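*Asks:* Fold the following and give me the result.
(2 chains)
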Amino acid sequence: DQQVKQNSPSLSVQEGRISILNCDYTNSMFDYFLWYKKYPAEGPTFLISISSIKDKNEDGRFTVFLNKSAKHLSLHIVPSQPGDSAVYFCATHNTDKLIFGTGTRLQVFP
Amino acid sequence: KAGVTQTPRYLIKTRGQQVTLSCSPISGHRSVSWYQQTPGQGLQFLFEYFSETQRNKGNFPGRFSGRQFSNSRSEMNVSTLELGDSALYLCASRQGLSEGYTFGSGTRLTVV
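*Replies:* This next block holds a predicted model:
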């Protein structure tokens, strides 16, 4: 039973536009969330995180929004670039392990 | 400094065999975690070792085991391989229990 869900397996966005990746979670006790980016044949790399005491965290082109009442978070990438094409995983850190969603494959086309 | 190193990168094994995967963490990192990535299930936690002790274990059968050595290197063993064990096995290290994780590139295991 998935505690962290990414319901869109794929997303295609034109270069320069906004990419919005969504993630839902089931447990309201989760209080720290992370986004990882993964290229083929490489391990996931940390992108950005957010604590439940905030509802937004920004780092350059990447912004994560957290809606605790809806148990939903989203990653916004503006502007999207072809190098952003990868699989994006949201995760929560719980009892000393990461619980990942199933990932969303983002493709940014020219 | 060198990242997390996993060996081998690729492996093909036959059903029923056993396999050992290796992970060398970043120098100074004392915690090593293992994850399994499959297309349908995403990344799932296997176990974490810290200072040679298993701290946490995921929901996997006893065929999956691991250990950590005094130099923090870790090995993961899967016995009596099944076709469903085909996956990318990822190792992640962190310096302390409150630090972030750095992942290796993984070992791609194919069971035929």
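*Asks:* What count of nearby residues applies to residue A:68?
*Replies:* For residue A:68, the neighbour count with other CB atoms under 10 Å in any protein chain shown is 14. From N, CA and C alone the C-beta is placed, and that goes for glycine too.
*Asks:* so who does it touch?
*Replies:* Each residue near residue A:68 by CB atoms under 8 Å, 6 or more residues apart in numbering or on different chains is listed here: A:28, A:52, A:55.
*Asks:* Now that we have those, can you turn them into TSV and tack on pLDDT?
*Replies:* Below are the contacts of residue A:68 laid out as TSV (pLDDT from 0 to 100):
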residue	pLDDT
A:28	90
A:52	91
A:55	95
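*Asks:* closest point of chain B to chain A, which residue?
*Replies:* Nearest residue of chain B to chain A, counting by CB to the nearest CB: residue B:103, 3.1 Å away.
*Asks:* Show me where chain B has its strands.
*Replies:* B:5-7, B:10-13, B:19-24, B:31-38, B:42-50, B:53-57, B:64-68, B:74-78, B:87-94, B:102-103, B:107-111 (DSSP state E).
*Asks:* Show me which residues of chain A sit near chain B.
*Replies:* Contacts of chain A with chain B, taken as CB under 8 Å from any CB of the partner chain, map to A:36, A:41-46, A:89, A:91, A:95-103.
*Asks:* What about the contacts of residue A:68, which one has the most neighbours?
*Replies:* residue A:52 (15 neighbours).
*Asks:* Surely that residue and residue A:32 touch.
*Replies:* Yes: Residue A:52 lies in contact with residue A:32 (CB atoms under 8 Å); the separation is 6.9 Å.
*Asks:* which regions of the chain sit below the pLDDT cut-off?
*Replies:* The chain I'm using is chain A. A:1 (pLDDT under 70).
*Asks:* Oops, wrong one, chain B.
*Replies:* Using pLDDT under 70, chain B drops low at B:1.
*Asks:* Please name the bridge partners of the most centrally placed residue in it.
*Replies:* When CA atoms, centre = their mean is applied to chain B, the residue found nearest the centroid is residue B:34 (3.4 Å). Note on residue B:34: beta-bridge partners by DSSP bridges are residue B:47, residue B:91.
*Asks:* ok, so what distance separates it from residue A:69?
*Replies:* Using CB to CB, to the nearest Å, residue B:34 is found at 35 Å from residue A:69.
*Asks:* now swap in residue A:102 and tell me
*Replies:* 24 Å.
*Asks:* higher neighbour count, these two?
*Replies:* Taking other CB under 10 Å, residue A:102 and residue A:69 do not tie; residue A:102 has more neighbours (21 against 6).
*Asks:* The more buried one looks like it's in a strand, true?
*Replies:* No: assessed with DSSP: H, G, I helix; E, B strand; the rest coil, residue A:102 is coil; it does not lie in a strand.
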